[in-house]
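Asker: Sequence and predicted structure below; questions after.
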Amino acid sequence: MLGKAPEFQTLLRAMRIVSATDATVLVTGESGTGKELLAQALHENSRRRDKPFITVNCAALPVQLAESELFGHRRGAFTGAFSDGIGKVQAAHGGTLFLDEIGELSVAIQAKLLRFLETGECQTVGCANHPRVDVRVIAVTNRDLFRSINDGTFRRDLYYRLHVLPLELPPLRQRPGDVELLLKGLTAELASSYDLRPPIYSKSVLKRLNGYHWPGNVRELKNFSERMLILFSGRKVEIENLSQEFRMAPNHRTSEGGRFVLPEQGLSMDELEASLIEQALIKTLGNRSKAARLLGLTRDTLLYRIKKYAIEC
């Protein structure tokens with residue numbers, strides 16, 4: 001995982017501390033920020049590194065078979081169960097269970113998962129005895145689980161059981177200086193894989209890439225790197241070689257109409273800052289992490305300023 005931005009470095013330091021424990025981890029962040037890579041890094045830096053790392057795509061679990069897929073089943077437990085089946089939880093014994101897109105798990109299975117997290121017992125379908133399993137759980141989501149709780153699609157008690165050690169991956173647009181570093185690293189890796197010479201990016205292109213919003217985050221940057229490598233191997237890339245979204249996108253560090261214009265009568269910086277924070281909180285329905293992203297702040301900085309201006313949220 002590459003990155004020198006202060007917020008990203010803080011995350012990596014937290015990851016190294018957390019990896020030394022067996023506590024449950026909830027990884028959050030926008031799509032494409034590298035949540036699965038962080039989960040793998042947690043496993044590889046833990047005492048469980050030589051044990052299984054079992055991935056479960058919660059969004060792809062068939063509702064009717066989800067319980068069996070997770071916890072296994074005994075022969076004859078249901079129609080079509082012609083033999084015993086080992087579940088993902090048992091397969092991860094001694095290692096790490098990675099629950100991808102945990103917010104997509106059905107409410108019924110959430111109850112079973114909560115029971116497992118609380119007791120360590122694997123409730124195999126069709127089995128009266130529930131053996132204990134030694135598994136470290138890392139759950140990942142790009143959804144706002146608080147909103148899902150209010151919608152009734154995610155259990156509040158499961159959220160707090162998962163939210164033991166939360167880690168939030170910052171979006172690429174909040175990692176100043178990391179775009180160029182990642183571009184170089186990803187291009188070198190892909191060039192080796194394809195056996196191609198890396199392209200050469202002009203200064204104007206690098207400036208445009210640094211100013212781009214990157215809604216798809218690191219995944220979008222990797223796709224861009226691969227496309228440029230294939231199309232411009234060993235050649236120089238200029239602005240006109242970029243696709244439309246890069247040529248037309250305004251720099252996200254300025255407003256759409258250009259720089260902010262100071263009114264003739266002046267303004268109060270405190271009032272302006274407080275107003276922007278209030279607007280961000282309204283736009284995100286009170287979600288402080290998302291509000292911080294909108295304002296280009298870290299969550300801790302936002303919380304300090306909310307307290308400073310006594311903003312109710």
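Answerer: Sure thing, it's come through.

Asker: hang on, Leu190 packs against Leu229?
Answerer: Yes. Contact criterion Cβ atoms under 8 Å: Leu190 and Leu229 qualify, at 5.3 Å. In short, each C-beta sits where N, CA and C put it, glycine included.

Asker: shared neighbours, the two?
Answerer: Shared contacts of Leu190 and Leu229 (Cβ atoms under 8 Å, 6 or more residues apart in numbering): Leu196.

Asker: of these two, who's got more company?
Answerer: Neighbours of Leu190 and Leu229, each counted by other Cβ atoms under 10 Å, are more numerous for Leu229; the result is 22 against 18.

Asker: Which strands or helices does the helix or strand harbouring the more buried one pack on?
Answerer: According to DSSP states H and E, Leu229 maps onto helix 217-231. Helix 217-231 sits against helix 178-194, with contacts defined as 3 or more Cβ pairs under 8 Å, 6 or more residues apart in numbering; DSSP states H and E.

Asker: average model confidence for the helix it packs on?
Answerer: Across helix 178-194, the average pLDDT comes to 96.

Asker: neighbours around Ala39, how many?
Answerer: Ala39: 23 neighbours (other Cβ under 10 Å).

Asker: Also Leu61?
Answerer: Neighbour tally, Leu61, other Cβ under 10 Å: 20.

Asker: could you measure the residue nearest to it when sequence neighbours are not counted against Val25, distance?
Answerer: The shortest distance from Leu61 to any non-neighbouring residue, by Cβ to Cβ, 6 or more residues apart in numbering, is to Glu69 (5.7 Å). Glu69 is 22 Å from Val25, where distance means Cβ to Cβ, to the nearest Å.

Asker: more crowded one of those two?
Answerer: Val25 (25 against 19).

Asker: The residue nearest to Leu61 sits in which helix or strand?
Answerer: Taking DSSP H and E as the definition, Glu69 sits inside helix 66-71.

Asker: swap in Asn210?
Answerer: In the assignment (DSSP H and E), Asn210 maps to helix 203-211.

Asker: Any chance you could give me that helix in CSV, C-alpha atoms only?
Answerer: What follows is helix 203-211 as a C-alpha-only set of coordinates in CSV (Å, rounded to 0.1, in the frame of the first residue of the first chain):
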residue,chain,number,x,y,z
LYS,A,203,4.2,18.1,-16.6
SER,A,204,0.8,19.4,-17.7
VAL,A,205,-0.7,15.9,-17.6
LEU,A,206,0.7,15.3,-14.1
LYS,A,207,-0.8,18.6,-13.0
ARG,A,208,-4.2,17.7,-14.5
LEU,A,209,-4.1,14.2,-12.9
ASN,A,210,-3.2,15.8,-9.5
GLY,A,211,-6.2,18.1,-9.8
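
Asker: Pull out the buried residues from that helix.
Answerer: Val205, Arg208, Leu209, Asn210, Gly211 (16 or more other Cβ atoms under 10 Å).

Asker: Could you tell me which other helices and strands it packs against?
Answerer: Using 3+ Cβ pairs under 8 Å, 6+ apart, helix 203-211 is in contact with helix 178-194, helix 244-248.

Asker: Now do the longest one against helix 203-211, angle only.
Answerer: What that stands for is helix 178-194. Computed by axes from the mean of the first three to the mean of the last three Cα atoms, to 10 degrees, the angle separating helix 178-194 from helix 203-211 equals 110 degrees.
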